[in-house]
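Colleague: Got a sequence here, can you build the structure:
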Amino acid sequence: MITLAVDCMGGDHGPRVTLEACRKFLATHADARLLLVGKPEAFSAWPAHPRASVVAASEVVTMDDAIEVALRKKKDSSMRVAIQQVKDGKADVAVSAGNTGALMAIARYLLKTLDGIDRPAIATQMPHEKGGATTVLDLGANVDCQPEHLLQFAVMGAALVSALQPGGQEPRVGLLNIGEEAIKGNEVIKRTGELLRSAGQAGALNFYGNVEGNDIYKGTVDIVVCDGFVGNVALKASEGVAAMIVGGLKREFKRTIFTKIAAIIAYPVLKALMSRMDHRRYNGAALLGLRGLVFKSHGSADAQAYEHALNRAYDAARNQLLDKVRGRIVAAAPLLAAATTSALAA
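Modeller: Below you'll find the predicted structure:
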């Protein structure tokens with residue numbers, strides 16, 4: 001059985017969304033158990049389920065809480081208690097839609113980072129034109145990064161893709177830049193490119209080279225590495241564009257009788273397109289580099305999107321993501337150590 005600890009109080013909608021998603025998840029995963037974490041009164045209408053149990057927490061981390069408040073003052077929050085289940089070995093993975101900064105801080109404090117990793121990173125998928133998705137990291141946990149951090153992100157990202165897409169070829173890693181040429185970019189990016197090329201030559205990574213923003217949506221590579229500032233902007237921009245296109249299509253096909261007829265004819269194609277562009281399908285970001293599995297759902301997620309986050313967390317635990325990340329780090333240890341030593345010397 002795979003056990004998920006769910007922060008049922010987190011996010012913009014709280015139990016109204018999380019519990020509905022949990023109900024649907026349990027109906028489709030016979031080998032999963034849920035630890036539902038939150039205030040006891042939130043579960044008054046929850047029907048008893050043989051594979052779900054309530055874990056009481058008296059506090060809630062709000063979306064506006066400062067990290068210090070969440071970490072030092074709300075020690076019995078649903079977010080913290082959910083992550084504590086992973087630390088105590090009672091759950092394989094924790095899932096929360098709560099405050100991202102607080103989630104990362106609490107997870108890092110309780111679980112600690114893996115040996116060889118300085119900073120955890122947030123990784124998620126963005127759909128591309130080939131029908132699949134590109135994994136991008138970091139998405140906001142680390143705004144200012146050094147080359148050795150980006151190398152660590154690449155190693156962890158390769159482990160994530162290998163775990164969630166087992167049996168495929170070694171995932172291709174691209175470095176997000178303003179051009180494909182190695183001479184382009186700032187000094188951090190240029191130095192990162194050198195480290196990634198060395199990792200590729202050593203067989204630790206399948207490094208493709210520099211990629212540009214549009215390559216995320218072309219499916220040029222499997223993994224795109226960047227700092228958290230750039231990654232977060234790219235994520236929010238892609239969600240905005242997708243919402244604009246889907247909303248625009250819906251409006252246009254309601255304008256006249258002719259567009260309505262065209263919509264009926266094109267419905268199967270339009271339905272498939274809107275489904276592929278629906279960001280809810282890609283909800284669920286992994287916090288990589290910790291000594292335990294934690295997944296972050298979008299704060300505004302509805303039940304469908306939150307269920308996808310639960311699915312992604314379940315897949316990660318079932319496919320032993322933590323062990324694969326640890327194995328990748330061990331294999332790349334000489335390169336990671338050399339990069340850190342070089343950075344300290346500089």
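
Colleague: Just give me the neighbour total for the nearest residue to Val60 once chain neighbours are set aside.
Modeller: Distance criterion CB to CB, 6 or more residues apart in numbering; nearest residue to Val60, sequence neighbours excluded, is Met9 at 4.5 Å. For the C-beta atoms, the positions are set from N, CA and C on the backbone; glycine is no exception. If you count neighbours by other CB atoms under 10 Å, Met9 ends up with 26.

Colleague: Work out for me the element Met9 sits within.
Modeller: Assigned by DSSP states H and E, Met9 belongs to no helix or strand.

Colleague: So it sits against Phe43, correct?
Modeller: No: when contacts are counted by CB atoms under 8 Å, Met9 is not listed as touching Phe43 (10.6 Å).

Colleague: got any residues that touch both of those two?
Modeller: Common neighbours of Met9 and Phe43, counting by CB atoms under 8 Å, 6 or more residues apart in numbering, are Pro15.

Colleague: so what's the residue nearest to Val60 up against?
Modeller: Contacts for Met9 were tallied using CB under 8 Å, 6+ apart; they are Pro15, Thr18, Val37, Gly38, Lys39, Ala42, Ala57, Val60, Ser77, Ser78, Met79, Gly98.

Colleague: could the residues you listed go into JSON lines alongside neighbour count?
Modeller: Shown next, in JSON lines, are the contacts of Met9 (neighbours: other CB atoms under 10 Å):
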{"residue": "Pro15", "neighbour count": "22"}
{"residue": "Thr18", "neighbour count": "31"}
{"residue": "Val37", "neighbour count": "30"}
{"residue": "Gly38", "neighbour count": "29"}
{"residue": "Lys39", "neighbour count": "17"}
{"residue": "Ala42", "neighbour count": "22"}
{"residue": "Ala57", "neighbour count": "24"}
{"residue": "Val60", "neighbour count": "21"}
{"residue": "Ser77", "neighbour count": "30"}
{"residue": "Ser78", "neighbour count": "31"}
{"residue": "Met79", "neighbour count": "29"}
{"residue": "Gly98", "neighbour count": "27"}
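
Colleague: ok, of the residues you listed, which one's closest to Phe207?
Modeller: Closest to Phe207 out of those is Gly98 (34.8 Å), distances taken as CB to CB.

Colleague: in which helix or strand would I find the closest one?
Modeller: When elements are assigned from DSSP H and E, Gly98 belongs to no helix and no strand.

Colleague: Next one: it from Ala332, what distance?
Modeller: Using CB to CB, to the nearest Å, we find Gly98 at a distance of 32 Å from Ala332.

Colleague: for Met63, same thing?
Modeller: Counting by CB to CB - Met63 and Ala332 are separated by 36 Å.

Colleague: okay, the two: which has more neighbours?
Modeller: In terms of neighbours (other CB under 10 Å), Ala332 is the more surrounded of Met63 and Ala332; the figures are 24 against 14.

Colleague: For the closest residue in space to the more buried one that isn't next to it in sequence, give me its contacts.
Modeller: Of all residues not flanking Ala332 in the chain, Ala204 sits nearest, at 4.3 Å (CB to CB, 6+ apart). Taking CB under 8 Å, 6+ apart, we find Ala204 in contact with Val155, Arg328, Ala331, Ala332, Leu335.

Colleague: Restricted to helices, list those.
Modeller: Among the contacts of Ala204, the members found in helices (DSSP state H) are Val155, Arg328, Ala331, Leu335.

Colleague: Quick one: buried ones out of these?
Modeller: Among the ones in helices among the contacts of Ala204, those scoring as buried are Val155, Arg328, Ala331, Leu335 (criterion: 16 or more other CB atoms under 10 Å).

Colleague: Redo those residues as a markdown table? Include pLDDT and distance to Asn177.
Modeller: Below are those laid out as a markdown table (pLDDT from 0 to 100; distance: CB to CB, whole Å):
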| residue | pLDDT | distance to Asn177 |
| --- | --- | --- |
| Val155 | 93 | 19 |
| Arg328 | 87 | 23 |
| Ala331 | 85 | 26 |
| Leu335 | 81 | 20 |
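
Colleague: of those, closest to Ala94?
Modeller: Using CB to CB, Arg328 is the member of these that lies nearest Ala94, at 21.6 Å.
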